[in-house]
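Asker: Sequence plus the predicted model coming up.
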Amino acid sequence: MFFYLDWTYIILVLPAVILSMWASAKVNSTFKKYSTTSNMAGLTGAEVARRILYENGLYDVRIEMVHGHLTDHYDPRTNVVRLSESTYNNTSSSAIGVAAHEVGHAIQHATGYVPLKIRNAIVPVTNIGAKLSMPLILLGILLSGFGQIFAYIAYAGVACFSLCAIFQLLTLPTEFNASRRALKIIDDCGFLTDEEMVGARKVLSAAAMTYVAALAVTLAQLLRLVLLVASLNGNRRR
């Protein structure tokens with residue numbers, strides 16, 4: 001229990017977790033606030049997504065509805081934009097902003113946007129690192145008294161965990177760029193009025209904050225693990 005409730009968790013990780021919870025609540029409340037009024041053109045999220053894809057010559061990208069609230073995402077493996085039930089048939093500025101954002105990822109994929117290519121390339125390695133990190137750290141800590149080799153195993157676990165931070169760091173420019181693309185396209189094509197654009201901007205800004213908060217949590221956890229393993233190694237030398 002001490003491993004999870006020591007001072008490093010309280011000081012480093014807990015504030016980041018609270019920030020993440022606030023960001024998640026903020027994006028949900030902002031989406032809800034601007035999802036009650038239809039846009040003047042009467043376009044749904046799915047319709048806007050399709051129009052943007054066609055405008056960019058992406059006729060082979062499918063659009064599907066996926067269950068859930070704000071579960072929208074672009075799947076580069078199958079070249080599919082999946083819009084949640086709260087976005088697909090919704091005509092609000094919130095839905096338009098989210099739909100355009102996901103299409104922004106499809107455009108990134110089609111144009112070879114470098115941060116997205118790097119992020120997608122390291123997904124397999126990141127998944128392996130995420131699965132190995134805690135077992136290696138726990139093994140190293142529990143058996144540290146049997147030799148220096150186990151301290152190195154714990155550090156190897158920390159290195160594996162750091163892959164998650166690298167992945168999330170690469171996620172930031174990818175998400176910010178997708179939002180900038182979305183807002184520019186919406187404005188250029190006149191899908192929303194200036195007043196309606198306010199809602200789309202605020203929803204995408206709130207969504208971006210969730211990625212910043214997620215990175216903060218991961219970096220705080222990484223620093224905590226480094227301190228724990230370093231202190232363990234220091235205790236062995238006494």
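Answerer: Here it is on my side, so go on.

Asker: Spatially central residue for the protein, please.
Answerer: The residue lying closest to the centre of the chain (CA atoms, centre = their mean) is Tyr211, at 4.6 Å.

Asker: residues in contact with it?
Answerer: Gln168, Thr171, Leu172, Glu175 (CB atoms under 8 Å, 6 or more residues apart in numbering). For the C-beta atoms, the positions are set from N, CA and C on the backbone; glycine is no exception.

Asker: Return the per-residue confidence for the second one.
Answerer: You'll see Thr171 listed with a pLDDT of 93.

Asker: quick one, phi psi at the closest residue to it other than its chain neighbours?
Answerer: In space, and not counting its chain neighbours, Thr171 is closest to Tyr211: 5.7 Å by CB to CB, 6 or more residues apart in numbering. Main-chain torsions, Tyr211, degrees, to the nearest 10: phi -70, psi -40.

Asker: Quick check: Tyr211 vs Val198, distance?
Answerer: Distance, Tyr211 to Val198, using CB to CB, to the nearest Å: 21 Å.

Asker: Likewise for Leu232?
Answerer: Leu232 is 52 Å from Val198, by CB to CB.

Asker: Neighbour count for those two, which is higher?
Answerer: Shown here are Leu232 and Val198; by other CB atoms under 10 Å, Leu232 has more neighbours (18 against 13).

Asker: Which helix or which strand is home to the more buried one?
Answerer: Taking DSSP states H and E as the definition, Leu232 sits inside helix 194-237.

Asker: Counting neighbours, what do you get for the residue lying closest to Ser144 once chain neighbours are set aside?
Answerer: Excluding its sequence neighbours, the residue lying closest to Ser144 (CB to CB, 6+ apart) is Phe150, at 4.9 Å. Neighbourhood size, Phe150 [other CB under 10 Å]: 20.

Asker: lowest-confidence helix or strand of the chain?
Answerer: helix 2-5 (a mean of 48; mean pLDDT, DSSP states H and E).

Asker: which other helices and strands contact the next helix or strand after that helix?
Answerer: Next helix or strand after helix 2-5 toward the C-terminus (DSSP H and E): helix 7-8. With contacts taken as 3 or more CB pairs under 8 Å, 6 or more residues apart in numbering; DSSP states H and E, helix 7-8 sits against helix 194-237.

Asker: wait, what's in contact with the residue nearest to Ser20 when sequence neighbours are not counted?
Answerer: Closest residue to Ser20 apart from its sequence neighbours, by CB to CB, 6+ apart: Ala213 at 4.0 Å. If you count contacts by CB under 8 Å, 6+ apart, Ala213 has them with Ala16, Leu19, Ser20, Trp22, Ala23, Ser24.

Asker: Please identify the helix or strand for the fifth one.
Answerer: To tie it back to what came earlier, the one meant is Ala23. Going by DSSP H and E, Ala23 is in helix 14-33.
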